[in-house]
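Peer 1: heads up, no residue letters with this:
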């Protein structure tokens, strides 16, 4: 059971890391494309909304991981 608990904790950390990476990537994309468009005298593209992207992904919105982690903690 402790092995499952440890794996679930690693998975939760992975989800958090993906969250941070998605936010940073979207910010960098928006900044770089905006600067490139302005330098070329054009209009920057609309910004990518990272939270909207994340909320559309099952790995981020599913409550199942939290439920499994809680159950593993209780049983351990």
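Peer 2: All right, it came through fine. Note that the structure is a prediction, hence the values are computed from the model and not measured. Numbering: from 1, shown residues only.
Peer 1: which ones are touching residue 49?
Peer 2: residue 26 (Cβ atoms under 8 Å, 6 or more residues apart in numbering). Backbone N, C-alpha and C define where each C-beta goes, glycine included.
Peer 1: so how far is residue 72 from it?
Peer 2: 34 Å (Cβ to Cβ, to the nearest Å).
Peer 1: and for stretch 54-72, what are the contacting residues?
Peer 2: 1, 4, 5, 8, 9, 11, 12, 15, 18, 19, 22, 23.
Peer 1: give me the buried positions along it.
Peer 2: Of the residues in stretch 54-72, 54, 60, 69, 72 count as buried by neighbour count, 16 or more other Cβ atoms under 10 Å.
Peer 1: out of those, which two sit at the greatest distance?
Peer 2: The largest separation in the buried residues of stretch 54-72, counting by Cβ to Cβ, is between 54 and 72 at 24.4 Å.
Peer 1: mind checking which helix or strand residue 46 is in?
Peer 2: Counting by DSSP states H and E, no helix or strand carries residue 46.
Peer 1: can you read off the pLDDT for it?
Peer 2: At residue 46, the pLDDT value in this model is 94.
Peer 1: for it, phi and psi?
Peer 2: phi -60, psi 150 (degrees, to the nearest 10).
Peer 1: can you tell me how far it is from residue 11?
Peer 2: For residue 46, the distance to residue 11 - Cβ to Cβ - is 33 Å.
Peer 1: one more: residue 59?
Peer 2: For residue 59, the distance to residue 11 (Cβ to Cβ) stands at 9 Å.
Peer 1: got it, and residue 17?
Peer 2: 11 Å.
Peer 1: settle it for me: which of these two has more neighbours?
Peer 2: When residue 17 and residue 11 are compared on other Cβ atoms under 10 Å, the one with more neighbours turns out to be residue 11, at 14 against 10.
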